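Q: My questions are about this predicted structure, shown below with the sequence.
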Amino acid sequence: MQKKYKEATFDSRTALELDPTNAKAYARAGKCQLNMGNLEEAGRLLQRAVELDPKSAQRDYHSLQNVSMYLAQVKTFMDNDQYALARNSLNRAIGYIDAEQVPIKWRVMEAECALGEKNYSEASRIVNSLIRLDTQNPDALYLRARVFYSQGDNQKTAAHCMEALRCDPDFSKARSLLKMSRAIEAQKDAGNTAFKLNQLDEAYEAYTAALEIDPKNDHMNARLYSNRAAVLQKQKKFEEALLDCDKAIELDGEFYKAYSRRAACFMETEKYEEATRDYKKLIEADGSNREYQNLLRKAELELKKSLRKDYYKVLGLSKSAGETEIKKAYRKLALQYHPDKNAGDEKAEIRFKEIGEAYAILSDSEKKARYDSGVDLDGGMGGGFPGGGMDGVDVNDIFAQMFGGGMGGGFGGGGFHSAGGFPGGGGGFPGGAGGFPGGGGRRQPPGGFSFHFG
């Protein structure tokens, strides 16, 4: 069978001119029109064939009714963005015609369903086959524009929309897509330019404006969210940047730049376990990338470091704190939690020990360097001071050194040598009830640092 339906229709019409009552000629012409997707004309011809001879076209007329029903379903489903259901109904309709010569307008619907399901490779395959059949088909050109649009290529989108409009100047869908793609590209370019000039507020506004143009453009919006996250990252708004990275990954699970950016934000917010997970994801995608491997090792080290006692947090400091800040923080906290001021308070006693531990490490440049680098992680650093000391250093000795020996209390297996915690008993300080030499007054420790209890 040659399956030349257009020619066969012409022959059937010629036969009908010779014999207007030829039921078989009506039936053949109707079947050809059905296979060509011309349902209205197929219905007219097949109905006439059935009127002349009920048996001549009964089967094809039934097929036409089913095809009409399924195509109506396709339209309803597509109008409600139910593209999988639409594709299923379309396949059922195709089952009643010659599957080797599916009508172009049905192939257009196939491509639209594939785009709706975000099956861009399938959509591209269908569209390319349509273009080969007819390079001037405005529907095919428009659909190819949509494929490029879904891939974030706004320039090719615009070019194909303009070609579709050249073929059909009244093609409103192509005109709308052209306008939308140009608007997104303009805002994205404005954001990129502002970012390069370090005009971060302007960049943020431009990316936000681009995101508002087409909420359904997942591919492009994933990139825009990632770009906006870069702005927030530079502004050190890491929690907000993480939210944008999450949105980018939600829209495109294979957009690895968003994973990389999110991992960096996780590191900044000390969420090392999450950062480790993202770097592993990146290495799965690109196992030969040395940068990812180095970043993963760094994240894993920081994760281990985070699980030990954080001496900076103990002293209420950032990791960038210098010698002066460390000393000042220790002085303040040691006075606040000294057992003599918190008699009978076990929590304060434990806190005082922790403060001493922290200062013993962070005030020693060599120990601090090893602690910061994490080289002692496997050696047990950070586990505490057995018996109240570390490396033979007692937390009370540290306190005494800091305050010039003016306080004489000490831990002995976790307790203090006297009721007040200082030699001399009740007042807790040598020289009387006030706790200072001469009774009642304050004294200045070395370095001019003034302190008092109460």
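A: Received the coordinates, thanks.

Q: can you pull out the strands in the stretch 51-200 of the chain?
A: Secondary structure of the stretch 51-200 of the chain (DSSP state E, counting those that start in this stretch): no strands located.

Q: Could you point out which residue ranges in the protein have low pLDDT?
A: 1-3, 376-396, 400-402, 404-454 (pLDDT under 70).

Q: centre of the chain versus the lengthiest helix in it, how much separation?
A: In the chain, taking DSSP state H as the definition, the longest helix is helix 172-196. Relative to its chain's centre, helix 172-196 lies at 22 Å (CA atoms, centre = their mean, to the nearest Å).

Q: swap in stretch 293-308?
A: That offset, for stretch 293-308, works out to 22 Å (CA atoms, centre = their mean).

Q: Buried residues of it, list them for me.
A: Leu295, Leu296, Lys298, Ala299, Glu300, Leu301, Glu302, Leu303, Lys305 (16 or more other CB atoms under 10 Å). C-beta here means a position set from N, CA and C on the backbone, and glycine is covered the same way.

Q: same deal with stretch 66-76?
A: Val67, Ser68, Tyr70, Leu71, Gln73, Val74.

Q: quick one on the thing from earlier: contacts for the longest helix of the chain next, please.
A: 138, 141-142, 145-146, 149, 154-155, 157-158, 161-162, 164-165, 168, 200, 202-204, 206-207, 209-210, 213-214, 217, 220, 223-224, 227-228, 230-231, 234 (CB atoms under 8 Å, 6 or more residues apart in numbering).

Q: which secondary structure elements does the helix or strand following it contact?
A: Next in sequence after helix 172-196, counting helices and strands by DSSP states H and E, comes helix 200-211. With contacts defined as 3 or more CB pairs under 8 Å, 6 or more residues apart in numbering; DSSP states H and E, the packing partners of helix 200-211 are helix 172-196, helix 218-234.

Q: how many degrees apart are helix 200-211 and helix 218-234 in direction?
A: 160 degrees (axes from the mean of the first three to the mean of the last three CA atoms, to 10 degrees).

Q: can I get the CA coordinates of helix 200-211 in PDB?
A: The C-alpha trace of helix 200-211 is given here as PDB (Å, rounded to 0.1, in the frame of the first residue of the first chain):
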ATOM      1  CA  LEU A 200      24.900  44.300  44.700                       C
ATOM      2  CA  ASP A 201      21.500  45.900  45.500                       C
ATOM      3  CA  GLU A 202      20.900  46.700  41.800                       C
ATOM      4  CA  ALA A 203      22.000  43.200  40.800                       C
ATOM      5  CA  TYR A 204      19.600  41.600  43.300                       C
ATOM      6  CA  GLU A 205      16.700  43.800  42.000                       C
ATOM      7  CA  ALA A 206      17.400  42.800  38.400                       C
ATOM      8  CA  TYR A 207      17.500  39.100  39.100                       C
ATOM      9  CA  THR A 208      14.300  39.400  41.100                       C
ATOM     10  CA  ALA A 209      12.600  41.200  38.300                       C
ATOM     11  CA  ALA A 210      13.700  38.500  35.800                       C
ATOM     12  CA  LEU A 211      12.300  35.800  38.100                       C
END
